[in-house]
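**Q** what follows is a predicted structure for the sequence shown.
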Amino acid sequence: MSQLTATESAGARRPRRADAQRNYDRVLEVARAAVAEHGGDIVLEDIARQAGVGIGTLYRHFPNRQALLEAVFLDDAEQLRRVGEEMCEDCDERAPLDLLVEWLRMQMVFGARGRSMGAAVMNAKHTEGSTIQVACLAARDAGAVLLQRAQEAGQVRQAVNISDVLALIHGIIVASDQAEDRAERVERMFDLLVAGLRP
């Protein structure tokens, strides 16, 4: 059995009072924005101040920076799963390929943010049986269902599989990481990826 991380402890998963949940959610929101701007090099005191909570409140939820980064990563992965599952229910109303492309864009943003959180979080992602790994696999499975629906509709080539698509998404993130025209390059490469999905 793998060693539990800070975000996987019993205390971290215990139901919270309404006010505590609001504080927790607010800290995650601020931390997510800080990671987008500064990567994993965030300062807990700054996060607490911007979230409008005391540093003691923050430490009760997240005993260290690693725990906070893992919580942001886990929250993103669970959101990606939820959205993917909701999109599957919309496939009768919207073109499955459009929904898949929308989900892949979310995956790209999520992947870029996860990469910026540093090696420690990425290592937790690959630890067998960890909460983060389980959440990432669940998100991938939701994407796989979206891909299958697009294939059933004849909008995506049958030979395509979700693992290859996500590997290409990761490749786009890595290849564009230091580019001066990062946003434009990411968009061009993503368009090429989508074009390659079509029959």
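**A** Sure, I can see it.
**Q** pLDDT of stretch 112-123, averaged?
**A** Stretch 112-123 shows a mean pLDDT of 72.
**Q** could you chop this structure up by domain?
**A** Under the assignment automatic domain parsing, the domains of the chain span 1-63, 72-197.
**Q** tell me the most buried of those?
**A** Of all the domains of the chain, domain 72-197 has the most neighbours on average by mean count of other CB atoms under 10 Å, namely a mean of 17. Using the backbone N, CA and C atoms, a C-beta is placed for each residue, glycine as well.
**Q** okay, now that one: how far is its last residue from its first?
**A** Taking CA to CA, to the nearest Å as the measure, domain 72-197 stretches 30 Å from start to finish.
**Q** tell me how far it is from the chain's mean position?
**A** 9 Å (CA atoms, centre = their mean, to the nearest Å).
**Q** what does residue 195 show for phi and psi?
**A** Dihedral pair for residue 195: phi -60, psi -40, per degrees, to the nearest 10.
**Q** re the thing from before, by mean pLDDT, show me the worst of the domains of the chain.
**A** Lowest mean pLDDT within the domains of the chain: domain 1-63, at a mean of 79.
**Q** so where do the helices sit in this structure?
**A** For the chain, helices defined by DSSP state H occupy the ranges 10-13, 18-38, 44-51, 55-61, 65-89, 96-116, 119-125, 131-152, 162-176, 182-197.
**Q** report the angle between the last one and helix 96-116.
**A** Here the directions of helix 182-197 and helix 96-116 differ by 140 degrees (axes from the mean of the first three to the mean of the last three CA atoms, to 10 degrees).
**Q** contact partners of helix 182-197?
**A** 97, 100-101, 104-105, 108, 150, 156-157, 160, 165, 168-169, 172-173, 175-176, 179 (CB atoms under 8 Å, 6 or more residues apart in numbering).
**Q** one more time with 7 Å
**A** Helix 182-197 is contacted from outside by 101, 108, 156-157, 160, 168, 172, 176, 179, using CB atoms under 7 Å, 6 or more residues apart in numbering.
**Q** same list (the residues you listed) but as JSON lines, adding distance to residue 53.
**A** Below are these laid out as JSON lines (distance: CB to CB, whole Å):
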{"residue": "101", "distance to residue 53": "38"}
{"residue": "108", "distance to residue 53": "31"}
{"residue": "156", "distance to residue 53": "45"}
{"residue": "157", "distance to residue 53": "49"}
{"residue": "160", "distance to residue 53": "45"}
{"residue": "168", "distance to residue 53": "40"}
{"residue": "172", "distance to residue 53": "36"}
{"residue": "176", "distance to residue 53": "35"}
{"residue": "179", "distance to residue 53": "37"}
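**Q** out of these, flag the one nearest to residue 86.
**A** Minimum distance to residue 86 across those is 15.5 Å, recorded for residue 101 (CB to CB).
**Q** please name the nearest non-neighbouring residue to that closest one.
**A** Setting aside the residues directly before and after it, residue 101 is nearest to residue 194 in space (CB to CB, 6 or more residues apart in numbering), at 5.6 Å.
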